[in-house]
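Chemist: Below is the sequence, then the predicted model.
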Amino acid sequence: MGHRMKQQSPRRTNGFIPPVSPPQLMLYSKIKTRFKSAQLNYPIETDTGKTRYADIAIFNDDGTLNHSTYSVCVEYDGYLAHKHKKKKDRIRDEELLRAGWLTVRLNKKNVDRAFELIEAAIKSCQ
């Protein structure tokens, strides 16, 4: 991408804490070993006025206009929770993209490639 990705600062969430599934927690622990900036259930404001929560947010923003700035939202899609939500997920991904975040969707079939897919998304930001 040719533009600077914006990191969203933490915001008040009015006490709302999204639920975390065991696979999300295991994935977060794995991702945190390589990406120290990873945060669980990170709130992201979108242009629709909604706050979306990244299952796992990974970002690098040192405040300068360099090419190492990225914001990646990692979503773990469990089969039952996302079985009939492809359209909603696509709309959400578009909202996040407009807010400066790339979304990497992981599921049972591709979770073993998590680092590869996340690194590809980061590279596309540079």
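Modeler: Cool, got the structure.

Chemist: Please make it C-alpha for all contacts and neighbour counts, starting now.
Modeler: Noted.

Chemist: Show me where the protein has its helices.
Modeler: Counting by DSSP state H, the chain has helices at residues 22-34, 79-82, 86-98, 114-125.

Chemist: most centrally placed residue in the chain?
Modeler: Nearest to the mean C-alpha position of the chain, by Cα atoms, centre = their mean, lies residue 73 at 0.9 Å.

Chemist: okay but it is in contact with residue 55, surely?
Modeler: Yes: with contacts counted by Cα atoms under 8 Å, residue 73 reaches residue 55, the gap being 7.2 Å.

Chemist: Please name whichever of the helices of the chain is nearest to residue 107.
Modeler: helix 79-82 (7.6 Å; Cα to Cα).

Chemist: Rounded mean pLDDT for that closest one, please.
Modeler: The average pLDDT within helix 79-82 is 58.

Chemist: Show the contacting residues for residue 28.
Modeler: 38-40, 56 (Cα atoms under 8 Å, 6 or more residues apart in numbering).

Chemist: hmm, which of the residues you listed are the buried ones?
Modeler: The neighbour count (16 or more other Cα atoms under 10 Å) marks 38-40, 56 as buried among those.

Chemist: nearest to residue 69, of those residues?
Modeler: Nearest to residue 69 out of the buried ones among the contacts of residue 28 is residue 38 (Cα to Cα; 14.2 Å).

Chemist: what's near enough to touch the closest one?
Modeler: Residue 38 touches 28, 31-32, 56-59, counting by Cα under 8 Å, 6+ apart.

Chemist: For residue 48, see how far away it is.
Modeler: As judged by Cα to Cα, to the nearest Å, residue 38 and residue 48 stand 25 Å apart.
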